[in-house]
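**Student:** please find the sequence and the predicted model below.
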Protein chains: 2
Amino acid sequence: MGRSIVVAVDGGEESIHALTWCLQNIVVVGTTADEASSDSGGGVTGDTVVLLYARPSPSVYPAMDGSGYLFSSDIIASMDNYAKHLADTVTQKAKMVCSSYPNLKVEIKVQNGDPRDVICEMVEKLGADMLVMGSHGYGPLKRAFIGSVSSYCAQNVKCPVLIVKKPKN
Amino acid sequence: MGRSIVVAVDGGEESIHALTWCLQNIVVVGTTADEASSDSGGGVTGDTVVLLYARPSPSVYPAMDGSGYLFSSDIIASMDNYAKHLADTVTQKAKMVCSSYPNLKVEIKVQNGDPRDVICEMVEKLGADMLVMGSHGYGPLKRAFIGSVSSYCAQNVKCPVLIVKKPKN
């Protein structure tokens, strides 16, 4: 065992639900030799959960709004601050969910860029054993836009992909 | 525990790989009270793996070929026999993979119809906890046709969906 499981988090409730479900159903939490019962020998090597957040990089912001007005450096700086603050909030929230499992190995990765590229590249780079992400439960009319990130990743990463939807109630 | 995990099998190597990966990484095999070590009390309730195969129903065959020639009842009967034989082969192959886990609860379901409908309806009917299926590792040029079954199911079932690709080597 001792798998590396990447969970894509984006601050939405669905990604928190996906993380929670995966912790309850998939992740193996390690035990130390002390904790392991005497008959099972040493401890169990648990999985590592990598919480991955893709943060829009400053260069992703359009330099102009619809009317062709160039954003001042103040506005760009405050957008950047907001993005940093958001990244902290998202990752802290996800970390808190993991804190119910004291022995769980958790790593946090925040990477600038488009979520599709960030997720696929990180999964590849880490040689992850599994990618877990939420989907977007859009109805049939919005199918064209449905979970473009999760569909893209499901098609492009090599490892198994688990897509977890948030139940409606 | 004691989850119901539906694994869609279609006779392809990828679905066998998906099943194998899922047995090794996800499925909890039950233990009886006798087998359980003395300190853990009674046995563990294991998961049930439902092997699901969607078999094209006779009505799915086009009644005419491209040249407008009507298939004779003999040909239809032999296509139907072939389909039945295929269903047996596929499910037996999948069952054999499961036989490495003697205590595993395995159910086999063969249902006539389009795989997309069959899979989504069965997952719903059984109230499954998870759907596992292979994807089709087409390259970018074939993206338009990619794993239409797995994409469709990932979008349409309510439970978590695990898509497992077969590594190239």
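**Tutor:** That came through fine. Remember, it's a predicted structure, so these values are computed and weren't measured experimentally.
**Student:** all strands of chain A, in order?
**Tutor:** A:4-8, A:48-55, A:105-112, A:130-134, A:161-164 (DSSP state E).
**Student:** dump those into CSV; add mean pLDDT, distance to chain B and mean neighbour count as well.
**Tutor:** Every C-beta, even on glycine, is put in place using the N, C-alpha and C of the backbone. CSV is the format used below for the strands of chain A (pLDDT from 0 to 100; distance: least, CB to the nearest CB, whole Å; neighbours: other CB atoms under 10 Å in any protein chain shown):
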stretch, mean pLDDT, distance to chain B, mean neighbour count
strand A:4-8, 97, 10, 24
strand A:48-55, 94, 14, 23
strand A:105-112, 95, 17, 16
strand A:130-134, 95, 8, 26
strand A:161-164, 95, 4, 26
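**Student:** which residues of chain A fall in helices?
**Tutor:** A:13-25, A:73-98, A:115-126, A:148-156 (DSSP state H).
**Student:** what does the helix-or-strand element of chain A with minimal mean pLDDT contact?
**Tutor:** When the helices and strands of chain A are scored by mean pLDDT, DSSP states H and E, helix A:148-156 comes last with a mean of 85. Residues outside helix A:148-156 that contact it (CB atoms under 8 Å, 6 or more residues apart in numbering or on different chains): A:8, A:115-116, A:119-120, A:123, A:131, A:133-136, A:161, A:163, B:135, B:143, B:146-147, B:150-151, B:154, B:163.
**Student:** correct me, but A:Val44 touches A:Thr31?
**Tutor:** Yes - A:Val44 is within contact range of A:Thr31, at 5.0 Å (criterion: CB atoms under 8 Å).
**Student:** hmm, back to that, nearest to B:Ser4, of the helices of chain A?
**Tutor:** helix A:13-25 (12.3 Å; CB to CB).
**Student:** returning to what we had before: any chance of TSV for the helices of chain A, columns mean neighbour count and distance to B:Asp88?
**Tutor:** Output for these, formatted as TSV (neighbours: other CB atoms under 10 Å in any protein chain shown; distance: least, CB to CB, whole Å):
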stretch	mean neighbour count	distance to B:Asp88
helix A:13-25	19	32
helix A:73-98	14	45
helix A:115-126	18	38
helix A:148-156	21	31
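**Student:** okay, those in CSV with distance to A:Gly2 next?
**Tutor:** Putting those into CSV (distance: least, CB to CB, whole Å) gives the following:
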stretch, distance to A:Gly2
helix A:13-25, 16
helix A:73-98, 17
helix A:115-126, 13
helix A:148-156, 23
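**Student:** okay, now the unreliable bits of chain A?
**Tutor:** A:1, A:33-42, A:57-71, A:136-147, A:169 (pLDDT under 70).
**Student:** taking the centroid of chain A, which residue is nearest it?
**Tutor:** With distances taken as CA atoms, centre = their mean, the residue of chain A nearest its centroid is A:Ala8 (1.6 Å).
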